[in-house]
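In: only geometry, no sequence info:
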């Protein structure tokens, strides 16, 4: 039975790799491919496991808008959020085992090995750091072998660093070395590039240092694959671009035109999503705008189309052209101009910011917030200054190609969906 290790490296853009290292790696050569739209983590991972676009699998962003609860839900982990047949279905039916390490929406997945962060948030603040694993004792056993636990603080927030990827790489290698548990098809994830590319952009020395860490971790995984009879596929999920344009605040504009309502809670402004006529769920260079009343769509589109930094406002037909025409998508989808990105705040006066604005709070914030990668004021809080962000992603097309290399797949695959189809063919063969 064919054995394959698939390594997703967050932010491994082809141009960034070529310009800062070159495309040769341990006898393999990195090539370029187009990512899927939008180029964000959950969308790409869903496409890689289904060989489909978001119009089919439904992961239209890192968050989803629930039209029943009138709430944005980011980074939810249920595998049932990803629709469609998995590329490994026949492989598993024929006795192959599948593992997913640190992939989003992996809990409850049709896989034999699962490992994913799953902290317990305590009632009066703080959390118990832990990881969900299947088999149940896998995480504890990996911690014992490695001599250290996985730190969620290194995975996201101001302390996010190469240390989280180092743990994942070492844990993946340990898993492959254990023939009784190791799955024949194993997906793993290295987020090391993502942090400093977002903090500082593509030309900063810290971003180049992050690439050095990524390549060292890939070396660990390549050696583990070789000594255990695995072929390897490494791919980037999206390419980051430098922030050189506007930070775009669509919810401020919606509020100014009375499409978005807010409620005052002890001087803090929270969105009143129950009475709002429009809300923008932002995610890097893309924003989904939800407009409950069809009669408001044209007006909302007109307001947002003139917002500095907005390149396109996609209606239903335009979304079909981008492969994102799904019921989960907004009535409108905004695409930022090169170098611009969307921030979620609806307030203008910093004293009116909601409580979660100054904290790492990926589940309560109704939009992606890369400012969480910086410390803020007072000490212990995270930044509330989106203008500090140096890199963004989500756009596709020329200049946004991702890098991939494989010891077994050989061809010019135009997109990550094509690459996923090639994986399915290989494991079924």
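Out: The structure has been received and is ready for your questions. Since we're looking at a predicted model, the values are computed, not measured.
In: Which of the helices or strands spans residue 189?
Out: Residue 189 belongs to strand 185-190 when elements are defined using DSSP states H and E.
In: Please enumerate residues in contact with that strand?
Out: Contacts to strand 185-190, defined as Cβ atoms under 8 Å, 6 or more residues apart in numbering, come from residues 3-10, 49, 88, 91, 96-103, 113, 165, 168-169, 172, 175-176, 214, 217-218, 221, 230, 427. The C-beta positions use only the backbone N, C-alpha and C, and glycine is treated the same way.
In: Pairing partners for the helix or strand residue 264 falls within, with directions?
Out: Assessed by DSSP H and E, residue 264 sits inside strand 262-265. Applying DSSP bridges to the sheet, strand 262-265 is found paired with strand 268-271 (antiparallel).
In: Tell me the helices and strands packed up against whichever helix or strand comes after the partner strand.
Out: Sequence-wise, the next helix or strand downstream of strand 268-271 (DSSP H and E) is strand 279-283. Counting contacts by 3 or more Cβ pairs under 8 Å, 6 or more residues apart in numbering; DSSP states H and E, strand 279-283 packs against strand 63-66, helix 250-256, strand 286-290, strand 341-342.
In: about what we covered before: partner strands of the strand holding residue 189, with direction?
Out: strand 4-9 (parallel), strand 98-101 (parallel).
In: Give me the helices and strands touching the top helix by length along the chain, please.
Out: The longest helix of the chain (DSSP state H) is helix 205-227. Here helix 205-227 touches strand 4-9, helix 14-20, helix 162-177, strand 185-190, helix 192-200, strand 231-236, going by 3+ Cβ pairs under 8 Å, 6+ apart.
In: Over the fifth one, what's the mean pLDDT, rounded is fine.
Out: Confidence over helix 192-200 (mean pLDDT, whole number) is 98.
In: For the closest residue to residue 16 other than its chain neighbours, give me its contacts.
Out: Closest residue to residue 16 apart from its sequence neighbours, by Cβ to Cβ, 6 or more residues apart in numbering: residue 202 at 5.3 Å. The contact partners of residue 202, by Cβ under 8 Å, 6+ apart, come to 13, 16, 240-242, 391.
In: before we move on, what about residue 326?
Out: Residue 326 touches 54-56, 58, 60, counting by Cβ under 8 Å, 6+ apart.
In: again with residue 32
Out: Applying Cβ under 8 Å, 6+ apart, we find residue 32 in contact with 14, 401-404.
In: Just confirm residue 68 is within a strand.
Out: No - Residue 68 is assigned coil when assessed by DSSP: H, G, I helix; E, B strand; the rest coil, not a strand.
In: from here on, count from 54
Out: All right, first residue 54 from here; so that's residue 121.
In: For it, the count of nearby residues, please.
Out: 5 (other Cβ atoms under 10 Å).
In: tell me the pLDDT at it?
Out: pLDDT, read off for residue 121, is 96.
In: Sketch out the low-pLDDT regions of this structure for me.
Out: The model of the chain has no residue with pLDDT under 70.
In: what's the domain layout of it?
Out: Listed domain ranges for the chain are 57-295+449-481, 300-442 (source: automatic domain parsing).
In: Tell me what angle the strand holding residue 242 forms with strand 284-289.
Out: 40 degrees (axes from the mean of the first three to the mean of the last three Cα atoms, to 10 degrees).
In: Go through the contacts of residue 379 and give me the one with the most neighbours.
Out: That'd be residue 113 among those, by other Cβ under 10 Å, with 30 neighbours.
In: That residue and residue 357, how far apart?
Out: 18 Å (Cβ to Cβ, to the nearest Å).
In: how close does residue 439 sit to residue 63?
Out: Relative to residue 63, residue 439 is positioned 20 Å away (criterion: Cβ to Cβ).
In: neighbour-wise, which of these two wins?
Out: residue 63 (22 against 19).
In: Let me see the contact set for the residue nearest to that one when sequence neighbours are not counted.
Out: Once flanking residues are discounted, residue 63 sits nearest to residue 247: 4.0 Å by Cβ to Cβ, 6+ apart. Shown in contact with residue 247 (Cβ under 8 Å, 6+ apart): 63-64, 293.
In: ok, so of those, who is nearest residue 474?
Out: residue 63 (22.3 Å; Cβ to Cβ).
In: If I follow the layout properly, that closest one ends up in contact with residue 244?
Out: Yes - using Cβ atoms under 8 Å, residue 63 is in contact with residue 244, at 4.5 Å.
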